[in-house]
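# Predicted coordinates and the sequence they were generated for:
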Amino acid sequence: MELSCLQENLNRGLGIVARAVASRTTLPITQNVLLATDQSRLKLVATNLEIAIACWIGAKVEKEGTITVPAKLLTEFVSTLPNDKVEISLAPKGKTLVIKCARFEARVSGVEASEFPPIPQVEDGISAKVEAEKLREGIAKVVFAAAAEESRPVLTGVNTEFEGDTMTLAAADGFRLAVYKLPLAVPVAQKSEVIIPSRTYAEIGRLLGEQEEPVEIVVNQARSQALFKFKNVELVTQLIQGTFPKYAQLIPQSHTTRSLVSVSQFLRAARTASIFARDGSGIVRLVATPGGDKPGKLTVSARSEEIGDDVGEIDAIVEGQEAKIAFNARYLIDVLGVIREEQVALETTSPSSPGLLKPVGNDNYVHVVMPMFVQW
């Protein structure tokens with residue numbers, strides 16, 4: 001192996017694949033990064049056996065070759081190098097990678113590439129294309145609602161459904177449910193449903209940072225793996241096996257009170273109340289009061305027996321009767337923090353029924369939050 005590339009490109013490429021390097025593992029080779037020449041480019045690959053990320057960077061290849069070296073060591077060393085040309089070579093019979101840049105030179109002991117876990121080829125199956133910006137927005141709006149605990153594995157993933165020209169993302173943790181619909185760039189031939197780990201979507205959200213071209217998604221026929229293709233980057237993930245709950249029936253279809261409020265004002269009031277809610281089981285109380293001839297209001301309050309209490313009022317257009325409901329402060333802040341529209345509608349039925357939040361002027365997103373039971 002003998003090649004040269006720019007430090008800036010190598011550093012960026014290592015930063016991308018480093019997210020897939022195993023941190024704690026019984027298979028030490030997964031803490032390495034694979035370097036391979038590939039049609040006048042340098043291919044970098046890392047895997048933790050759940051996800052694998054491959055990244056291609058431009059390089060001048062003099063001699064083909066492949067090797068794996070410790071990912072953390074290589075990433076840290078390259079990041080400290082000056083912004084100059086990096087020369088990489090491999091001793092003909094050895095496993096030592098020689099890296100030269102300006103007046104710096106390092107030798108890194110590697111392991112044969114043949115010992116690196118093979119990256120699954122996801123080729124035949126369901127294929128879809130989606131605009132990068134739409135996917136980025138969809139991930140941001142649902143991924144936080146997935147469960148963190150592994151007690152119910154299907155809830156640690158995001159249910160992903162392809163049907164016609166629509167892709168639907170749904171995540172739930174037993175206390176809240178987020179559902180977002182986004183258009184596909186190309187309609188799919190057949191309906192398909194898979195559960196993609198929320199950690200995978202979090203990585204994809206990061207990879208979409210500078211992506212402008214549509215993202216291609218391929219799910220293999222066995223529905224055990226999925227491939228996400230970006231510009232110069234590919235991510236392969238294992239899928240979660242199981243059946244996602246029938247979430248459509250959890251979305252309230254009617255309400256007795258509908259409150260329209262400013263997202264920014266609601267978020268500020270919720271954050272203020274959350275300070276006092278910390279010692280009160282995280283409970284934030286909401287009271288929607290119709291105004292009649294005058295504008296209505298939404299009162300956001302929290303109280304702690306030891307610290308004190310807080311009450312905030314914001315203007316609201318309240319349709320229907322007066323309503324009271326209590327939510328976990330964090331759940332409220334999480335959803336309000338990802339809504340980009342100016343106004344949000346809060347639909348409620350009773351203090352013991354789920355509340356529904358949805359942006360005004362956008363039917364693509366709904367968020368259901370289970371209420372907290374409190375003494376009013």
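Sure thing, it's come through.
# how would you label residue 123: helix, strand or coil?
coil (DSSP: H, G, I helix; E, B strand; the rest coil).
# Identify, among the helices and strands of the protein, the element with the weakest mean pLDDT.
Every helix and strand in the chain was compared by mean pLDDT, DSSP states H and E; the lowest is strand 125-130, with a mean of 91.
# can you pull the pLDDT of residue 144?
Looking at residue 144, its pLDDT is 97.
# Would you agree it falls within a helix?
Yes: counting by three-state DSSP, residue 144 is part of a helix.
# tally of neighbours for it?
By other CB atoms under 10 Å, the residues close to residue 144 number 20. Yep, even glycine has a C-beta here, placed from its N, CA and C like the rest.
# thinking again about what came up before, then the least confident helix or strand of the chain to CSV, C-alphas only?
The C-alpha trace of strand 125-130 is given here as CSV (Å, rounded to 0.1, in the frame of the first residue of the first chain):
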residue,chain,number,x,y,z
GLY,A,125,-34.6,-5.9,-1.5
ILE,A,126,-36.7,-2.8,-1.0
SER,A,127,-35.1,0.4,-2.2
ALA,A,128,-36.2,4.0,-1.5
LYS,A,129,-34.9,7.5,-2.0
VAL,A,130,-35.6,10.4,0.3
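# by contact count, what packs against whichever strand or helix holds residue 10?
For residue 10, the element it lies in under DSSP states H and E is helix 7-17. On a contact count with 3 or more CB pairs under 8 Å, 6 or more residues apart in numbering; DSSP states H and E, helix 7-17 meets strand 41-47, strand 51-58, helix 71-80, strand 85-90.
# Go through the helix of greatest length in the chain and flag the buried ones.
The helix that spans the most residues within the chain, counting by DSSP state H, is helix 263-277. By 16 or more other CB atoms under 10 Å, the buried positions in helix 263-277 come out as 263, 265, 266, 267, 269, 270, 271, 272, 273, 274, 276, 277.
# how about those residues in JSON lines, adding distance to residue 164 and pLDDT?
What follows is those, written out as JSON lines (distance: CB to CB, whole Å; pLDDT from 0 to 100):
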{"residue": "263", "distance to residue 164": "31", "pLDDT": "97"}
{"residue": "265", "distance to residue 164": "38", "pLDDT": "97"}
{"residue": "266", "distance to residue 164": "34", "pLDDT": "97"}
{"residue": "267", "distance to residue 164": "34", "pLDDT": "97"}
{"residue": "269", "distance to residue 164": "40", "pLDDT": "97"}
{"residue": "270", "distance to residue 164": "37", "pLDDT": "97"}
{"residue": "271", "distance to residue 164": "39", "pLDDT": "96"}
{"residue": "272", "distance to residue 164": "44", "pLDDT": "95"}
{"residue": "273", "distance to residue 164": "42", "pLDDT": "95"}
{"residue": "274", "distance to residue 164": "40", "pLDDT": "94"}
{"residue": "276", "distance to residue 164": "47", "pLDDT": "92"}
{"residue": "277", "distance to residue 164": "43", "pLDDT": "90"}
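# Could you check the angle the longest strand belonging to the chain makes with helix 263-277?
Across the chain, the longest stretch assigned as strand under DSSP state E is strand 308-320. Following axes from the mean of the first three to the mean of the last three CA atoms, to 10 degrees, one obtains 140 degrees for the angle between strand 308-320 and helix 263-277.
# The next helix-or-strand element following strand 308-320 versus helix 263-277: what angle between them?
Downstream of strand 308-320, the next assigned helix or strand under DSSP H and E is strand 323-328. Orientation check (the same axes, to 10 degrees): strand 323-328 against helix 263-277 gives 70 degrees.
# contacting residues for residue 236?
Residues in contact with residue 236 (CB atoms under 8 Å, 6 or more residues apart in numbering) are 51, 52, 119, 120, 122, 225, 226, 227, 228.
# Would you reformat the helices and strands packed on helix 7-17 as JSON lines and include mean pLDDT?
Shown next, in JSON lines, are those (pLDDT from 0 to 100):
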{"stretch": "strand 41-47", "mean pLDDT": "97"}
{"stretch": "strand 51-58", "mean pLDDT": "97"}
{"stretch": "helix 71-80", "mean pLDDT": "96"}
{"stretch": "strand 85-90", "mean pLDDT": "95"}
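# Please name the nearest non-neighbouring residue to the spatially most central residue of the chain.
In the chain, the residue lying closest to the centroid (CA atoms, centre = their mean) is residue 202, at 2.4 Å. Distances taken as CB to CB, 6 or more residues apart in numbering place residue 143 nearest to residue 202, at 5.7 Å, with adjacent residues excluded.
# residues of the helix holding residue 10 that come out buried?
7, 9, 10, 11, 13, 14, 16, 17.
# Which pLDDT value belongs to the last one?
In this case it means residue 17. Reading off the model, residue 17 has pLDDT 96.
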